[in-house]
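>>> Any chance you can model this:
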Amino acid sequence: MAFATHLARQIINAVALLIAVLVLNFCLIHLAPGDPVQVIAGEMGGASAEVVAALRAKYGLDQSLLQQLSIYLGNVAMGDFGYSYYFNQPVLGLILQRLPATLYLTLCALSGALAVGTLLGVVSARRPNGLFSHAVTVVSLAGYAAPIFWTGLMLLLLFGSVWPILPVVGMTDVVNPKQGFAYALDVGRHLVLPSLTLALVFIAQYSRLARVNMIEALSADYVRTARAKGLPEWLVVGKHALRNTLIPIVTVAGHQFGNLFAGAVLVETVFSWPGMGRLVFDSILRRDYPTLMAVLFFSALMVMTANILTDVVYRLVDPRIRTGRR
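Coordinates of the predicted model:
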């Protein structure tokens, strides 16, 4: 009951924060330099003053900022996120088309980074002064220091020209479309390079975090007691030490979901992955206000959902944690 109350309170806070995000995004985007009507008119090859005025009236840009905000919040409350200036279709449908690709990319990158990073950190912590531990440290520092776009470009050049064994653009093969299991395999092959690019930075962080916490856990009294009882080493490490090591990793992973989505914007641009990151890039260039605001809203929604799920997982990993006290 206490956890249900805590979860309900978190959901209410998330809804209030989403409303604040809507208002803040609307004001910042509309106050930023640039005029979407001029962009549309420029792509039409120029337009008269009458056509520009008609476009402003069509998209409601001839009203005051407060009136536009009030209409926008009312429409969002009804599930209407507006009409895209550039793509010329409802924004909600556009988001729902791109959202699965971004979720697929980010979740695969996050799960891979968690698994590989934790494994490397745990193995290297067994012998902190060994050669493998030093190698993991060097590789982690290099992966953390390399910018995501640079890593993506290097992988694109490597597998695009030097060693062309993996596709480097898109999500599927548009020349020879597949169906069924062959389609899933084709999407998986296209996913390798974007997810690897996005995961490398986080693998470096999680491996360092797992290594430090595992070294601390292995020197704790409860681990020494477990070893004194004659328990196998794999049980001591896997059940006793690893569980406490996972607590900070889970916390950091959940709170870094926003950084993961920000990295996805660059990765999707480099590899032409048809997700929300690519949509953000196109919407910024073309001053597509409704699409950009909807993307930012759904991004905030995903981050808040990830934070709530992190709190749930945090309590599953460590049952000692109770609402309001540790």
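>>> Extract the residue ranges of the chain that are flagged as low pLDDT.
Scanning the chain for pLDDT under 70 picks out the ranges 1-3, 34-35, 39-48, 317-326.
>>> who are the neighbours in contact with the most centrally placed residue in it?
In the chain, the residue lying closest to the centroid (Cα atoms, centre = their mean) is F261, at 2.7 Å. If you count contacts by Cβ atoms under 8 Å, 6 or more residues apart in numbering, F261 has them with T102, T106, M276, G277, S299, M302, V303. For the C-beta atoms, the positions are set from N, CA and C on the backbone; glycine is no exception.
>>> repeat for N25
Counted by Cβ under 8 Å, 6+ apart, N25 has contacts M293, L296, F297.
>>> returning to that earlier point: my read is the residue nearest to the centre of the chain is in a helix, agree?
Yes. Under DSSP: H, G, I helix; E, B strand; the rest coil, F261 sits within a helix.
>>> Quickly note the distance from it to V91.
Look at F261 and V91: by Cβ to Cβ, to the nearest Å, they are 18 Å apart.
>>> quick check: longest helix of this protein.
Longest helix of the chain, by residue count under DSSP state H: helix 181-218.
>>> For that helix, buried residues please.
By neighbour count on 16 or more other Cβ atoms under 10 Å, the buried set for helix 181-218 is 186-187, 190-211, 213-215, 217-218.
>>> Please apply the same query to stretch 72-83.
Y72, V76, F81, G82, Y83.
>>> of those residues, closest to V15?
V76 (12.4 Å; Cβ to Cβ).
>>> quick one: which two of the contacts of F261 are the most distant?
With Cβ to Cβ as the measure, no two of these lie farther apart than G277 and V303, at 14.1 Å.
>>> quick one, which of those two is more surrounded?
Shown here are G277 and V303; by other Cβ atoms under 10 Å, G277 has more neighbours (28 against 20).
>>> wait, doesn't the more buried one sit right on V267?
Yes. With contact defined as Cβ atoms under 8 Å, G277 reaches V267; the gap is 6.9 Å.
>>> Pull the contacting residues for V21.
Contacts of V21 (Cβ under 8 Å, 6+ apart): L296, F297, A300.
>>> helix, strand or coil for the last one?
Following three-state DSSP, we place A300 in the helix state.
>>> same thing with S140?
Secondary structure of S140, per three-state DSSP, is helix.
>>> measure it to R211 for me?
For S140, the distance to R211 equals 8 Å [Cβ to Cβ].
>>> Are there residues contacting both of the two? Which ones?
L120.
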